[in-house]
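Enquirer: Next input, structure requested:
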Amino acid sequence: MNNRIVFFVLINLFLFSCRPDKKENEKSNHYWGNEHSVDFNREVNEREQLEISAFIKHHHYLKMDTTDSGLRYMIYKKSEGAKVKSGNEVSVRLKIERLDGTVCYQTDTISGFELIKIGKSEVESGIQEGIKLMRVGEEAKFILPSYLGHGLLGDRYTIPPQAILYIDVKLLEIK
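Expert: As a prediction, this is how the structure comes out:
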């Protein structure tokens, strides 16, 4: 009988001593400060950089350069055409995919191009940055970490939150 009582007491001690204090737990669930945001963004960036590196390694033909912002780019068809500057309106042919090959957007086949005002449009900052590295007639591939694309929210249609974008672009002309 004594063994049963001791066993019962030990089980109860074990079960009830491991529970966190409810008030302490409530505080930690409701606090999201700057330090937590910085850590979260750092983790997202590190994960994305690993995914991008693995993608490039798997697709060995991609010889990508990297800008200071983190944009990866490769101009695979060169041209001697005019160079793009901020404020230029350019026409481009685009295909935007996720790293898994899912096509998110592609210029339609009717008009065949999209107009972008460099530095003054709502087009992803990574695409604008990449286009400024190009000349008319060139074709390039870009890899945009989520912070250069649609960020933590996605576009709410075909680009999910924290999506890394793989873009094929042809610069048709400067208007």
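Enquirer: For the chain, just list every one of the strands.
Expert: 65-66, 72-77, 89-98, 103-106, 114-117, 139-144, 165-174 (DSSP state E).
Enquirer: Residue ranges in this structure under the pLDDT threshold?
Expert: 1-4, 6-30, 109-112 (pLDDT under 70).
Enquirer: okay, which residue is most central for it?
Expert: In the chain, the residue lying closest to the centroid (Cα atoms, centre = their mean) is S146, at 1.6 Å.
Enquirer: Verify the contact between V92 and Q128 for me.
Expert: No: counting by Cβ atoms under 8 Å, V92 does not reach Q128; the two are 10.5 Å apart. In short, each C-beta sits where N, CA and C put it, glycine included.
Enquirer: Run through the residues that contact the closest residue to I167 other than its chain neighbours.
Expert: Sequence neighbours aside, F142 is the residue nearest to I167 in space, at 4.3 Å (criterion: Cβ to Cβ, 6 or more residues apart in numbering). Taking Cβ atoms under 8 Å, 6 or more residues apart in numbering, we find F142 in contact with L71, R72, Y73, G126, I127, G130, L165, Y166, I167, V169.
Enquirer: Quick check: the gap between the fourth one and K77.
Expert: In this structure, G126 and K77 are separated by 20 Å, where distance is defined by Cβ to Cβ, to the nearest Å.
Enquirer: More neighbours: which of these two?
Expert: Higher neighbour count among G126 and K77: G126, with 25 against 11, using other Cβ atoms under 10 Å.
Enquirer: what's the burial count for the closest residue to that one other than its chain neighbours?
Expert: Nearest residue to G126, sequence neighbours excluded (Cβ to Cβ, 6+ apart): L148, at 3.1 Å. Residues near L148, counting by other Cβ under 10 Å, number 23.
Enquirer: L148 against Q128, yeah?
Expert: No: using Cβ under 8 Å, L148 is not in contact with Q128, being 9.5 Å away.
Enquirer: Identify the contacts common to those two.
Expert: By Cβ under 8 Å, 6+ apart, L148 and Q128 have no common neighbours.
Enquirer: Give me the distance between stretch 146-153 and the centre of its chain.
Expert: 5 Å (Cα atoms, centre = their mean, to the nearest Å).
Enquirer: how long is it from one end to the other?
Expert: End-to-end span of stretch 146-153 (Cα to Cα, to the nearest Å): 9 Å.
Enquirer: What residues sit buried inside it?
Expert: Judged by neighbour count using 16 or more other Cβ atoms under 10 Å, the buried positions of stretch 146-153 are S146, Y147, L148, G149, H150, G151.
Enquirer: do the same with stretch 155-170
Expert: Neighbour-count burial for stretch 155-170, counted by 16+ other Cβ under 10 Å, picks out D155, I159, Q162, A163, I164, L165, Y166, I167, V169, K170.
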